[in-house]
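> could you work out the structure for the sequence below:
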Amino acid sequence: MRIATFNVNGLRARLDFLLGWLRARQPDVVGLQELKLTEDAFPALELSAEGYHCLVHGQKSWNGVAILSKQPATLVSRGLPGREDDGARLITADVQGLRFASVYVPNGKSTEHEDYPKKLAWLDSLAAHLRETFEPSRPGVLAGDFNIVPAAIDSWDEAGHAGHVFHTPAERARFAELLGAGFVDLYRAVHPERQEFSWWDYRGGAFHKKQGLRIDLALGTAALAGGVRSAVIDREYRKKQQGLTPSDHCPVLVEIES
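Residues are numbered from 1 along each chain as shown. Below is the predicted model:
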């Protein structure tokens, strides 16, 4: 089974790009983030024509998550209980014997911004929710844009960004809590010492200068982690494809034994 996560940074603008990627990579289950549209505007017909079933938790102009799957999926929940005011950021489903969640963690903006403590509180709620809804003994995946750089190796400039949002000890402590809820960082399990990034600023030639962050992650339960065959950050799809502008994120793909 091939699972994936992709922050598309606006599905209206990125639909043709997404369709091309789906045709090229043929993932079985995909978590999408930052749709920036409501459920009734979601392009379900176009994705159905490519062989994908769709579950959506949308929001006008902001946020929004979805799960695409080649096999029908059963919705478990939309949203993070008690954090509805923070937007459409989590959707969970059961598909092909797998519990799969697509997550879009709040950005936090800066450590001085009022959104930063809200981000930490949201992550606390997420960890508690995962302990209630995922079982380490059952195959499960939490995939998405975490807006956290898990460790120094995941930043192009750890020294320069130390103490800044995405890199703070408080955020990393919350990420450790997610792992403590029974998850493994699947990319890091396969590539313990490789430095690769999944997001680059559009500005300043950051992509070509290799000035990026690894913030798009697939976490798997212990029951699933042992069956991982490969984990790939799909850097090719941070480049233009047939004249189409990419997201500022690239997809992450994980191959697991089905």
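> what's the first helix or strand after the worst-scoring helix or strand of the chain on mean pLDDT?
Least confident helix or strand, the chain: helix 222-225 with a mean of 95, by mean pLDDT, DSSP states H and E. Using DSSP states H and E, the helix or strand that follows helix 222-225 in sequence is strand 228-233.
> which parts of that following strand are buried?
For strand 228-233, burial by neighbour count (16 or more other Cβ atoms under 10 Å) applies to Val228, Ala231, Val232, Ile233. In short, each C-beta sits where N, CA and C put it, glycine included.
> now, which of those sits nearest Gly220?
Among the buried residues of strand 228-233, Val228 lies closest to Gly220 (Cβ to Cβ), at 6.9 Å.
> now for the residue most central in space within the chain: which residues touch it?
The structure's the chain has its C-alpha centroid closest to Gly144; by Cα atoms, centre = their mean the separation is 1.0 Å. Contacts of Gly144 were listed using Cβ atoms under 8 Å, 6 or more residues apart in numbering, and they are Thr5, Asn7, Gly31, Gln33, Val65, Ala101, Ser102, Val103, Tyr104, Val105, Asp216, Leu217.
> buried residues, the least confident helix or strand of the chain. List them.
Ala223, Leu224, Ala225.
> wait, isn't the second one in contact with Leu142?
No - with contacts counted by Cβ atoms under 8 Å, Leu224 stays clear of Leu142, the gap being 10.7 Å.
> what's the least confident helix or strand of the chain packed up against?
strand 140-145 (3 or more Cβ pairs under 8 Å, 6 or more residues apart in numbering; DSSP states H and E).
> the strand it packs on pairs with which strands?
With DSSP bridges as the test, strand 140-145 is paired with strand 98-104 (parallel), strand 216-221 (antiparallel).
> dump these to TSV, plus mean neighbour count and mean pLDDT.
Output for those, formatted as TSV (neighbours: other Cβ atoms under 10 Å; pLDDT from 0 to 100):
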stretch	mean neighbour count	mean pLDDT
strand 98-104	25	98
strand 216-221	25	98
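> picking that back up, quick one: which of the contacts of Gly144 is nearest Gly243?
Asn7 (21.2 Å).
> what's the local residue count around the closest one?
By the measure other Cβ atoms under 10 Å, the count of residues near Asn7 is 27.
> which residues touch it?
Contact partners of Asn7, counting by Cβ under 8 Å, 6+ apart, are Leu32, Gln33, Glu34, Tyr104, Gly144, Asp145, Trp199, Asp216, Ser247, His249.
> phi, psi of it?
Main-chain torsions, Asn7, degrees, to the nearest 10: phi -80, psi 110.
> and it, what are its bridge partners?
Listed beta-bridge partners, Asn7: Gln33 (assigned using DSSP bridges).
> going forward, the N-terminal residue is numbered 35.
Let's use 35 as the start, then, which means that last one is Asn41.
> distance-wise, check it relative to Ala210.
Shown here: Asn41 relative to Ala210, a distance of 22 Å by Cβ to Cβ, to the nearest Å.
> try Ile249
Shown here: Ile249 relative to Ala210, a distance of 16 Å by Cβ to Cβ.
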